[in-house]
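*Asks:* have a look; sequence and predicted model below, questions after that.
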Number of protein chains: 2
Amino acid sequence: MSIPKDARINLSPEDIPKKWYNFAAEVPDIKPPINPGTKEPAKPEDFEPIFCKEIIRQEGSTERFINIPEEVRDNLIYLNRPAPLQRAYRLEKALKTPARIYFKREDMSPLGSHKGNTALAQAFYNADAGIHTLTTETGAGQWGTALAMVSNLYDIKTTVFMVKGSFMAKPLRKTIINTYGATIYASPSEYTEFGKKVLKEHPDTSGSLGIAISEACEMAAKDEHTCYSLGSVLNHVMLHQSVIGLETMQQMDIGEIDPDYVIACAGGGSNFAGMVLPMLGEKMAGRKFADTQFIAVEPKAAPSLTKGEYKYDYGDTAGFTPLLMMYTLGSDYIPSAIHAGGLRYHGMSPLVSAAYDRNLITARSYDQTQTFEAGLMFARTEGIIPAPESCHALKAAIDVALECKEKKEEKDIVFCLSGHGLLDLYGYEQYMDGTLPSSDRNDL
Amino acid sequence: MSIPKDARINLSPEDIPKKWYNFAAEVPDIKPPINPGTKEPAKPEDFEPIFCKEIIRQEGSTERFINIPEEVRDNLIYLNRPAPLQRAYRLEKALKTPARIYFKREDMSPLGSHKGNTALAQAFYNADAGIHTLTTETGAGQWGTALAMVSNLYDIKTTVFMVKGSFMAKPLRKTIINTYGATIYASPSEYTEFGKKVLKEHPDTSGSLGIAISEACEMAAKDEHTCYSLGSVLNHVMLHQSVIGLETMQQMDIGEIDPDYVIACAGGGSNFAGMVLPMLGEKMAGRKFADTQFIAVEPKAAPSLTKGEYKYDYGDTAGFTPLLMMYTLGSDYIPSAIHAGGLRYHGMSPLVSAAYDRNLITARSYDQTQTFEAGLMFARTEGIIPAPESCHALKAAIDVALECKEKKEEKDIVFCLSGHGLLDLYGYEQYMDGTLPSSDRNDL
């Protein structure tokens, strides 16, 4: 069995979007971040100790389109953009569904995930502002890897604080980040005051994303040529990721695909926002996607949209970051230790939260055992081993395709394959030998 | 610093070659394989217990071009073909060389290496012949992974015998191969008579490629619907890999690149042959490449071209396979345990050996410490972490570029990046922490 020759829609480098799409333009009335000290709306200057000016400007912007600087656009080639839109023809056959399933291939980046799209832009703006070092935190390791790689393109340095538990469990991530020339510390570390304090009080802690964020911010605030970089949640991150959806819309035009469903996984929200928010812009302008269902797929371990509350909450555990208006499980919520580390977050991007609150999108959640089952099926039909995060979107796509089979409906399903799983194979090993724990939090 | 917009030369799926190139047409007088039992030239029927008829036909063919079946050509999309030819612009800048360096991107396959090109063809012909199972051996794991993945495309099964030492040292390879639905055994195993015999005599052995080949062949010979598949050395493998060089020639035409040097790594020879032999065909026809130097790059741990002898030798350690006329270090030669497992072979493909014997190509060898230094530089400039095997070609490309710098020569260098290193990061870890052993065999 061969696939149809038109089963893969490629774009040329000149088709890479020239402008990012900003969903904040559609929801100018969303509630602003709150300064945790004053409890007043945060002012641009509140962010200056940790972010450069252009990032702050983009964070607060409600312009619908923002130019992608040529120095960023040209370098998207290093992330192997534009990324193909491919038809999962063999998966369709295996499911015996009349539906057509397409997937956007963010797995083709040398980083293995979509994270480089915003890392590249952030590194450029910081280098342009005279910053010589970026600090960040990483949980699963994908974000730290992305920032470490792209920093080299603009000749700046990166320091990554990796949650100690992950640091010990995933030694390969340290190797990759070092190979790219960046510095990586297990957090809590001896390199910040906050880290030292935590270590003194809890010498045996395995750390947390909240602690790592605090350390990265402290280091950035202490040096005027050092800034902090965040890989999800904030508006400017959603903005930079819009290249995913903007490319996909061009490809759907070429392939004459009018999707009934567009699906992406959602942790902090950057992959989902990148894929879906540009399409919501078209929908709200009345141009397209009138009947399309947009589905955010969460892990049952951190179901912020499906089980959370829409309210102001901290971005970190310690309560140092601004309060954001978002769907949240509470900043003290501790998700189970699932393999999809990139989805293990208590809150959801304010822009994605706003779209959910306005009923522009729907959400569903899965246990990780269900998602690895889907991943295995994809590997054996399409030849690509998906990242554990991407398996969530894939599982929803399969479920929708099976609904279509039952109803004998020939629908078009498009999902985002946010990354490959070559650096996260242990979950597959556990799934296959029957030792993968359920990630469901039955107490919610 | 951004790269020039024409720094990456893409092809469209319709540009994928329609015929493979067969270097055997240029050297019809090379000495044939010898049957190890009769010591007479091997007859096609000698191979029938382990290979299907079309593979045997191709192995002995001296036709210059052989049609690629549509069922193979269409499925090359699953290996992300055609693969880009990219300019290593940032590496050039870092080296301050006037030379232009281009690299062919075999790293973009979901398998992470070029091995799928022949796996796909072999799986097709075997499925077409009614074979339901392929057996093979794997050392480093890339070949076993490739065959496991593509077998699914033609609905056949794969059984992989992995050298026990590697099996224990690289547990991720077992996970990937299982994820693709294939069976993998540590060799020597209890599943063959030969494996049982070895285990009885040497219960603690860590195995060898020779033993694994013997087990895979035994299993194939025992069942009429099971065949054996080999990932390097033989003529039909070199034939299928020619898509690499055929694509690259199209891309060099588009980019008006007239290479002064074409470089690829060489273990059994499949990557080098794939890249270079189609160009040698053009050279011998007097059409192109009159002044191009073709360089095979070997590990000092297994320098079959640079230190071996051109003679008949066995393909395996035990002496079960036909004798092949090739450059060899002796079938009892044991290379050091280098990270570039794919280059750890005592002999060299008969077709590559013939090209070397006729002075159509040159060869050089490197210690693995030198190659990882090159790999680190590439990761930090070009953003891709090369496979340890590919680091050999890269190291030679860097050395040539530095010679150009010294001589102030603006030359064109093209090398093959045979794969990425995301599944072989431990070598980088060792290189960076100073514990990587030299692989030089000073006794040669």
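*Replies:* Arrived safely.

*Asks:* state the distance from residue A:313 to chain B.
*Replies:* Relative to chain B, residue A:313 is positioned 36 Å away (Cβ to the nearest Cβ, to the nearest Å). In short, each C-beta sits where N, CA and C put it, glycine included.

*Asks:* is the closest residue to that residue other than its chain neighbours in a bridge, and if so with what?
*Replies:* The spatially closest residue to residue A:313, leaving aside those adjacent along the chain, is residue A:328, at 4.0 Å (Cβ to Cβ, 6 or more residues apart in numbering or on different chains). Going by DSSP bridges, residue A:328 is paired in beta bridges with residue A:309, residue A:347.

*Asks:* just give me the neighbour total for residue A:328.
*Replies:* For residue A:328, the count of nearby residues is 23 (other Cβ atoms under 10 Å in any protein chain shown).

*Asks:* in contact with it, which residues?
*Replies:* With contact taken as Cβ atoms under 8 Å, 6 or more residues apart in numbering or on different chains, residue A:328 is in contact with A:304, A:308, A:309, A:311, A:313, A:346, A:347, A:348.

*Asks:* for ChimeraX, what selects the buried ones among those?
*Replies:* Here is the ChimeraX command that picks out the buried ones among those, judged by 16 or more other Cβ atoms under 10 Å in any protein chain shown:
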select /A:304,308,313,346,347,348
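
*Asks:* turn the contacts of residue A:328 into JSON lines, columns for distance to residue A:45 and pLDDT.
*Replies:* Formatted as JSON lines, those follow (distance: Cβ to Cβ, whole Å; pLDDT from 0 to 100):
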{"residue": "A:304", "distance to residue A:45": "30", "pLDDT": "96"}
{"residue": "A:308", "distance to residue A:45": "31", "pLDDT": "97"}
{"residue": "A:309", "distance to residue A:45": "30", "pLDDT": "98"}
{"residue": "A:311", "distance to residue A:45": "26", "pLDDT": "98"}
{"residue": "A:313", "distance to residue A:45": "23", "pLDDT": "96"}
{"residue": "A:346", "distance to residue A:45": "28", "pLDDT": "92"}
{"residue": "A:347", "distance to residue A:45": "24", "pLDDT": "95"}
{"residue": "A:348", "distance to residue A:45": "27", "pLDDT": "97"}
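
*Asks:* near chain B, which residues of the stretch 1-150 of chain A show up?
*Replies:* Taking Cβ under 8 Å from any Cβ of the partner chain as the contact definition, the stretch 1-150 of chain A meets chain B at A:1-3, A:5, A:7-8, A:10, A:12-14, A:70-71, A:74-75, A:77-78, A:80, A:86, A:90, A:107-108, A:110, A:112, A:149-150.

*Asks:* which among those count as buried?
*Replies:* The neighbour count (16+ other Cβ under 10 Å) marks A:2-3, A:7-8, A:10, A:13, A:71, A:74-75, A:77-78, A:80, A:86, A:90, A:107-108, A:110, A:112, A:149-150 as buried among those.

*Asks:* just these: which are in strands?
*Replies:* A:8, A:86 (DSSP state E).

*Asks:* in helices, which of the buried ones among the residues of the stretch 1-150 of chain A next to chain B fall?
*Replies:* If you go by DSSP state H, those have A:71, A:90, A:149, A:150 in helices.

*Asks:* so what touches the helix or strand of chain A with the lowest mean pLDDT?
*Replies:* One helix or strand of chain A scores below all others by mean pLDDT, DSSP states H and E: helix A:164-169, with a mean of 88. Under the contact criterion Cβ under 8 Å, 6+ apart, helix A:164-169 has outside partners A:138-141, A:173-174, A:184, A:186-188, A:205-207, A:337, A:341.

*Asks:* which among those gets closest to chain B?
*Replies:* residue A:174 (8.1 Å; Cβ to the nearest Cβ).

*Asks:* same for the lengthiest helix in chain A, what does it pack against?
*Replies:* With secondary structure taken from DSSP H, chain A has its longest helix at helix A:388-407. Here helix A:388-407 touches helix A:89-95, strand A:100-105, strand A:261-265, strand A:293-299, strand A:362-366, helix A:368-382, strand A:412-417, going by 3 or more Cβ pairs under 8 Å, 6 or more residues apart in numbering or on different chains; DSSP states H and E.

*Asks:* which helices and strands sit right next to the helix or strand just after the fourth one?
*Replies:* Past strand A:293-299, heading to the C-terminal end, the next element that is a helix or strand (DSSP states H and E) is helix A:304-307. In this structure, helix A:304-307 packs against strand A:293-299, strand A:323-328, helix A:350-357, strand A:362-366, with contacts taken as 3+ Cβ pairs under 8 Å, 6+ apart.

*Asks:* need the ones you listed in CSV with distance to residue B:163, can you?
*Replies:* Output for the helices and strands packed on helix A:304-307, formatted as CSV (distance: least, Cβ to Cβ, whole Å):
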stretch, distance to residue B:163
strand A:293-299, 38
strand A:323-328, 51
helix A:350-357, 48
strand A:362-366, 38
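
*Asks:* need these in CSV with mean pLDDT, can you?
*Replies:* Below are these laid out as CSV (pLDDT from 0 to 100):
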stretch, mean pLDDT
strand A:293-299, 97
strand A:323-328, 97
helix A:350-357, 98
strand A:362-366, 98
